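below is the structure, and that's it, no one-letter string:
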């Protein structure tokens with residue numbers, strides 16, 4: 001039988017890659033891997049998802065290792081050798097767990113992976129079984145077509161990211177660092193999705209955000225103490241009152257703007273495209289003009305400390321001896337000490353600050369060669385697309401791999417309509433992604449991993 005013409009053969013190869021990526025994303029969504037954050041309520045979904053990936057890789061002749069940090073909490077690692085043995089390996093990772101769902105808020109079954117009107121619905125459609133299915137399809141594509149990437153590729157399908165990665169990436173870094181030997185850079189969430197570059201709706205140019213930095217994540221508890229007393233006899237050292245004053249002060253405080261390299265690069269590119277100055281005086285208003293992009297980037301301009309939990313007495317007629325409040329803290333790169341001292345000044349005297357979990361920010365170079373690789377891959381499908389560094393205000397498993405000296409970048413390529421806010425799909429009801437965006441993701445990811 002004659003082979004089809006080269007151009008038709010290329011189309012058939014691309015179609016198979018796209019079809020497999022969509023199929024794998026759907027089948028992974030249908031595996032319930034909800035991570036409640038409470039060990040006693042988490043089943044074996046992550047291990048079952050990892051086994052599914054392992055079986056699909058084995059079909060293509062790709063060996064992998066399934067590692068369980070505890071029963072049911074499985075992660076899977078596979079390595080594909082590259083041509084350049086002197087180049088640092090590239091880690092490509094996706095987490096298999098998802099956040100809980102409230103089914104009554106969904107119009108489609110959250111684990112049904114239904115397709116309607118060109119959208120794939122389901123928990124994990126963007127966070128982040130879409131990427132897990134895509135990189136699985138790319139790995140099989142390389143094996144099927146005999147493609148050898150430039151550098152070693154380490155594929156990691158991970159447990160527990162949605163609860164901090166303690167039993168997934170964090171556990172592997174602590175207990176199996178050998179699996180990441182020679183890795184210098186990593187690709188994962190949250191970035192790669194397109195946003196409008198120009199203000200004019202008639203200007204179709206897109207920016208594809210790449211997270212070169214991530215804010216650190218920390219928890220702290222504020223405590224005030226006083227004398228317990230009867231509610232009928234007010235005291236001058238009422239712990240509830242002093243804590244409330246401190247919490248109000250934290251809630252009202254705005255830490256100073258810090259122009260990190262990632263933020264500055266974003267402002268430079270969008271400022272030129274939209275004619276915005278982004279001066280310190282106009283920064284808030286200029287960012288607001290970016291529409292839904294402003295909520296993502298606005299949170300990256302400064303450190304934040306947000307009161308989230310209050311606790312004090314449990315009887316109305318008793319003034320308690322102690323009151324406490326928990327804070328969710330997000331830290332810019334290199335700002336740990338500045339945040340600590342600033343928070344101490346804001347809450348004032350007589351308030352104890354007790355630190356809990358504390359993960360510092362990560363920061364990767366905004367001018368690394370891999371940024372050019374991402375741009376080249378995007379340009380092949382979207383000639384006017386521009387890859388733009390930004391600072392992610394949230395946190396991913398890259399924070400764990402940074403402990404091994406690995407520079408992490410967030411880039412899951414998705415070309416979406418101008419008004420589609422990908423970031424708003426994270427943890428949302430009716431989480432969905434355009435099917436043609438998944439096809440785009442498969443093509444662009446294949447180019448990235450082949451040439452990176």
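The structure has been received and is ready for your questions. Model, not experiment: these values are computed from the prediction. Numbering: from 1, shown residues only.

going forward, measure contacts and count neighbours with C-alpha atoms only.
Noted.

report how many residues lie close to residue 177.
If you count neighbours by other Cα atoms under 10 Å, residue 177 ends up with 13.

which pLDDT value belongs to it?
Note for residue 177: predicted pLDDT of 98.

next one: it from residue 170, what distance?
Shown here: residue 177 relative to residue 170, a distance of 10 Å by Cα to Cα, to the nearest Å.

try residue 62
Residue 62 is 25 Å from residue 170, where distance means Cα to Cα.

check residue 362 too.
Distance, residue 362 to residue 170, by Cα to Cα: 15 Å.

what's the answer for residue 373, then?
To residue 170, residue 373 is 28 Å away according to Cα to Cα.

neighbour count for the two, which is higher?
Comparing residue 373 with residue 170 by neighbour count (other Cα under 10 Å), the higher total belongs to residue 170, at 23 against 16.

what helix or strand is that one located in?
According to DSSP states H and E, residue 170 maps onto helix 169-175.

residues contacting the helix or strand that that helix is followed by, please?
Proceeding N to C from helix 169-175, the next assigned helix or strand is strand 183-188, under DSSP H and E. Strand 183-188 has contacts (Cα atoms under 8 Å, 6 or more residues apart in numbering) with 88-94, 154, 398, 405-412.

give me that answer again for 7 Å
With contact meaning Cα atoms under 7 Å, 6 or more residues apart in numbering, strand 183-188 is reached by 88-94, 405-412.

count of neighbours near residue 418?
Neighbour number of residue 418 under other Cα under 10 Å is 14.

what's near enough to touch the closest residue in space to it that isn't next to it in sequence?
Among residues not flanking residue 418 along the chain, residue 196 sits closest, at 5.8 Å (Cα to Cα, 6 or more residues apart in numbering). For residue 196, the contacting residues are 205, 206, 207, 418, by Cα under 7 Å, 6+ apart.

okay, and the last one sits in which element?
Counting by DSSP H and E, there is no helix or strand that carries residue 418.

from residue 335, how far out is it?
Residue 418 is 34 Å from residue 335, where distance means Cα to Cα.

equivalent analysis for the first one, please.
Distance, residue 205 to residue 335, using Cα to Cα: 34 Å.

do residue 209 as well
Taking Cα to Cα, one finds residue 209 at 23 Å from residue 335.

what subset of the contacts of strand 183-188 is buried?
Burial by neighbour count, 16 or more other Cα atoms under 10 Å: within these this picks out 88-94, 406-412.

so residue 43, which state does it fall into?
coil (DSSP: H, G, I helix; E, B strand; the rest coil).

backbone phi and psi for it, please?
Dihedral angles of residue 43 (phi, psi; degrees, to the nearest 10) stand at phi -90, psi -150.

what about residue 252, how many neighbours?
Neighbour count of residue 252, defined by other Cα under 10 Å: 11.

please apply the same query to residue 106.
Residues near residue 106, counting by other Cα under 10 Å, number 15.

give the contact list for it.
By Cα under 7 Å, 6+ apart, the contact list for residue 106 reads 429, 430.

would you mind measuring from it to residue 253?
From residue 106 to residue 253 the distance is 37 Å (Cα to Cα).

kindly report the same for residue 187.
For residue 187, the distance to residue 253 equals 35 Å [Cα to Cα].

how about residue 333?
The gap separating residue 333 from residue 253 is 20 Å, by Cα to Cα.

go on, residue 247?
Residue 247 sits 10 Å away from residue 253, going by Cα to Cα.

just residue 97 next, same as before
35 Å.

more neighbours, those two?
Taking other Cα under 10 Å, residue 97 and residue 253 do not tie; residue 97 has more neighbours (32 against 16).

okay, the more buried one: pLDDT?
pLDDT, residue 97: 97.

check residue 141 too.
We have a pLDDT of 97 for residue 141.

give me every residue that touches it.
Residue 141 neighbours (Cα under 7 Å, 6+ apart): residue 17.

now do the SS call for residue 207.
Secondary structure state of residue 207, per three-state DSSP, is strand.

would you agree it is in contact with residue 193?
No: contact between residue 207 and residue 193 fails when scored by Cα atoms under 7 Å: they sit 8.2 Å apart.

name the residues contacting each of the two.
With Cα under 7 Å, 6+ apart as the test, residue 207 and residue 193 reach no residue in common.

picking up where we left off before, the more surrounded of residue 205 and residue 335?
With neighbours defined as other Cα under 10 Å, residue 205 and residue 335 compare such that residue 205 has more, 20 against 17.

show me what contacts the more buried one?
Under the criterion of Cα under 7 Å, 6+ apart, the neighbours of residue 205 are 196, 197, 198, 384, 385.

also residue 409?
For residue 409, the residues meeting the contact criterion (Cα under 7 Å, 6+ apart) are 186, 187, 188, 210, 211, 212.

check the first one and give its pLDDT.
Meaning residue 186. As predicted, residue 186 sits at a pLDDT of 98.

can you check the fifth one too?
On the pLDDT scale, residue 211 is placed at 96.

got phi/psi on the closest residue to it other than its chain neighbours?
Counting by Cα to Cα, 6+ apart, residue 211 lies nearest to residue 410, which is 4.5 Å off, once chain neighbours are set aside. Dihedral pair for residue 410: phi -100, psi 110, per degrees, to the nearest 10.

just how off-centre is stretch 441-450 within its chain?
Relative to the centre of its chain, stretch 441-450 is centred 19 Å away, using Cα atoms, centre = their mean, to the nearest Å.

what's next to it, contact-wise?
Contacts of stretch 441-450 (Cα under 7 Å, 6+ apart): 17-18, 21, 134, 138, 149-150, 373-374, 377-378, 413-414.

those: which two are farthest apart?
Maximum pairwise distance in those, criterion Cα to Cα, is 23.5 Å, between 150 and 414.

which of those two has more neighbours?
Neighbours per residue (other Cα under 10 Å) separate residue 150 from residue 414, with residue 414 holding more: 27 against 18.

contact partners for the more buried one?
Counting by Cα under 7 Å, 6+ apart, residue 414 touches 192, 193, 194, 437, 438, 440, 441.
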